[in-house]
Each structure stands twice: as C-alpha cells, then as structure tokens.
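Asker: got a predicted structure plus its sequence, pasted below:
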Amino acid sequence: MIAEVIINRTAKKLNKTFDYHVPNELEGLILVGSKVLVPFGKGEKLEEAFVVKLKEKTSYPNQIKKIAKLEEQLKDEQIELAKWMASRYFCNVADCIKLMLTPGTRTSNKEKRMQDKAINTVYLAKDIEEIEFDIQTRKNKNRKAKKSNQFYKR
C-alpha cells in the first residue's frame, strides 16, 4: 500500500504530496489523517508528514521510501477541511492541518511539547479581619476623594 503524504513544512515548494510505502506492520493502522514520521531529503532526516490519501500503486515504484513511524490520527473531514482552507486562503495544506492537531503536539521538538506549568501563589501575612479593614479604609478614602473633587468642580 502507498500513502500520499504532505510534509509538515512551510516552504511553498513542499506544498505537494509525496509517495511513501506503508510497512506491513503499520498497514491497518495508517489511515488518511495519520501524522507520521518519514525519511525526507538526502540526509534521510525524519520529518513529520500527514497522510492525505492511500492508494495501491505509485508512478515512482523504484524511488519510494518507507514510513518510519505513526504518531497521531486525524479524521478524514479534518483533512478535507484543511485542503479547502489552503485553497480558499492561499496557504500551505500542512499549515492548515497543523490547526487540526491536538494543542501541545504541534512542535516537532518533543521536549518542548508538554511542559509543567508554574503556579504562582501569594501568601498573605494578615488575617481576614485586617484585610477587610484595609479594604473598607480604601473605600472610604476613595469616597472622600470623589467628594472633594466634586466640591472643586462647582
């Protein structure tokens, strides 16, 4: 089985599909909308790609490489929506597909994907009565300031 994939890059030259062979162990798992890792270019560096079509034959039988790994799954409707968005708004299909991904998984650097959030807390040294007293005094000061401003306006 052959998968047509679009590479997850913003370069206009890569806004087209490339054929990759689906390995036997991934044949039932890879569907349209799958996010996969494929060897791309001369350096055989693994790049993120999205499966946009599955087919039986390719027009380049001797030149296709195998898909290395399956990562995430999207729905057919999301892929179709991304294609429509790309044609409607004149952008790359890969950019539109990225919008459909789960938040936190868009970056290719796995260390940066999910990070713990820092929680900032403030501990008050006063008890609740002192805090309420401070709030009331501030309100009273604001009222007095407003009254004095009204006096000068007349």
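Answerer: In hand now; what should we look at? Numbering: from 1, shown residues only.
Asker: pull up the pairing partners for the top strand by length along the chain, direction included.
Answerer: Under DSSP state E, the strand in the chain containing the largest number of residues is strand 45-55. When pairing is defined by DSSP bridges, strand 45-55 lines up against strand 2-7 (antiparallel), strand 34-40 (antiparallel).
Asker: from Lys57, how far off is the closest residue to Glu71 other than its chain neighbours?
Answerer: Of all residues not flanking Glu71 in the chain, Lys35 sits nearest, at 4.4 Å (CB to CB, 6 or more residues apart in numbering). Where C-beta positions appear, they are placed from N, C-alpha and C, glycine not excepted. Separation of Lys35 from Lys57 (CB to CB, to the nearest Å): 24 Å.
Asker: so where do the helices sit in the protein?
Answerer: 76-89, 93-98, 110-113, 128-153 (DSSP state H).
Asker: need the pLDDT of the residue nearest to Glu71.
Answerer: At Lys35, the model reports a pLDDT of 87.
Asker: then the one 4 residues further on?
Answerer: Listed pLDDT for Pro39 reads 90.
Asker: low-confidence stretches in this protein?
Answerer: Counting by pLDDT under 70, the chain contains low-confidence ranges at 104-126, 146-154.
Asker: do that again at 90, thanks
Answerer: 1, 3, 6-18, 21, 23-35, 40-50, 52-80, 82-83, 91-154 (pLDDT under 90).
Asker: what does stretch 51-69 contact?
Answerer: Contact with stretch 51-69 is made by 1-6, 17, 19-23, 26, 30-34, 36-39, 46, 79, 83, 93, as judged by CB atoms under 8 Å, 6 or more residues apart in numbering.
Asker: go with 6 Å
Answerer: 2-6, 19-23, 32, 34, 36-39, 46, 79 (CB atoms under 6 Å, 6 or more residues apart in numbering).
Asker: with only the CA atoms kept, save that stretch in PDB.
Answerer: This file holds the C-alpha atoms of stretch 51-69, laid out as PDB (Å, rounded to 0.1, in the frame of the first residue of the first chain):
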ATOM      1  CA  VAL A  51      -1.300  11.200   5.200                       C
ATOM      2  CA  VAL A  52      -3.700  12.800   2.800                       C
ATOM      3  CA  LYS A  53      -4.500   9.800   0.600                       C
ATOM      4  CA  LEU A  54      -4.000   6.000   0.400                       C
ATOM      5  CA  LYS A  55      -3.600   4.100  -2.900                       C
ATOM      6  CA  GLU A  56      -2.400   0.800  -4.300                       C
ATOM      7  CA  LYS A  57       0.100   2.000  -6.900                       C
ATOM      8  CA  THR A  58       2.600   4.800  -7.500                       C
ATOM      9  CA  SER A  59       4.000   6.200 -10.600                       C
ATOM     10  CA  TYR A  60       7.500   6.100  -9.000                       C
ATOM     11  CA  PRO A  61       7.900   2.400  -8.000                       C
ATOM     12  CA  ASN A  62      11.600   2.300  -7.500                       C
ATOM     13  CA  GLN A  63      12.100   5.600  -5.700                       C
ATOM     14  CA  ILE A  64       9.700   5.500  -2.800                       C
ATOM     15  CA  LYS A  65      10.800   5.100   0.800                       C
ATOM     16  CA  LYS A  66       9.100   3.600   3.800                       C
ATOM     17  CA  ILE A  67       7.100   5.400   6.500                       C
ATOM     18  CA  ALA A  68       9.200   5.200   9.700                       C
ATOM     19  CA  LYS A  69       6.600   5.700  12.500                       C
END
